[in-house]
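J.: Sequence unavailable; structure follows:
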C-alpha cells in the first residue's frame with residue numbers, strides 16, 4: 001500500500017471481501033488512524049447493478065473517492081482487466097466515477113493473461129499482489 005495515490009488519499013472506497021477475494025478488513029483501521037474517509041459499498045439497485053459508496057458511519061459519500069479498491073476473481077497483469085463476480089456493480093460505479101484511482105487487490109495466483117473484456121469494462125489503474133505492484137498506462141492499457 002505504498003502507492004502514492006493510496007498514501008495521499010483523503011477518501012478510500014474499500015470492498016468487503018467474500019469468498020477467495022483478498023481480505024480488506026485489515027486496511028480499515030490504518031486508514032481511519034490517518035484520518036481517511038473510509039467508504040464501503042451499498043447496493044442501491046440489484047436489478048440495474050447500481051451501488052454507491054457509503055461512509056462507515058452510514059452517510060453516502062457526496063464526492064468521488066480518491067481511491068477505489070477493487071475486488072476480483074482474476075486480473076490481467078498485462079492490461080489491468082478485471083474479472084468480477086458478473087454483476088457489473090464495480091464497472092458501473094467506475095463509469096460513474098472516472099476520476100477515482102482504481103486499484104485491484106489480488107493474490108499472485110489470481111493474475112491471468114488474456115482475460116476477456118467488454119467495451120463497458122474499466123481496467124484497474126494498478127494491481128497490487130503480495131509480491132508486486134503493477135501500474136497501467138491509461139492510453140494503451142499496458143503495464144508500465
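T.: Structure's in. What do you need? Computed from a predicted structure; not experimentally measured.
J.: Pretty sure residue 40 sits against residue 57.
T.: No: with contact defined as C-beta atoms under 8 Å, residue 40 does not count as touching residue 57 (10.6 Å). C-betas here are computed from N, CA, C, even on glycine.
J.: Between the two, which is the more surrounded one?
T.: Neighbours were counted for residue 40 and for residue 57 using other C-beta atoms under 10 Å; residue 40 has more, 18 against 7.
J.: State the helix or strand in which the more buried one lies.
T.: strand 37-45 (DSSP states H and E).
J.: Could you pull out the buried residues of that strand?
T.: 37-41 (16 or more other C-beta atoms under 10 Å).
J.: And stretch 20-32, by the same measure?
T.: Buried-residue list, stretch 20-32, by 16+ other C-beta under 10 Å: 21-22, 24, 27, 31.
J.: List the ones among those that fall in helices.
T.: 27, 31 (DSSP state H).
J.: could you redo the buried residues of stretch 20-32 as TSV and give each row distance to residue 52 and pLDDT?
T.: Output for the buried residues of stretch 20-32, formatted as TSV (distance: C-beta to C-beta, whole Å; pLDDT from 0 to 100):
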residue	distance to residue 52	pLDDT
21	20	90
22	22	93
24	17	94
27	20	93
31	19	95
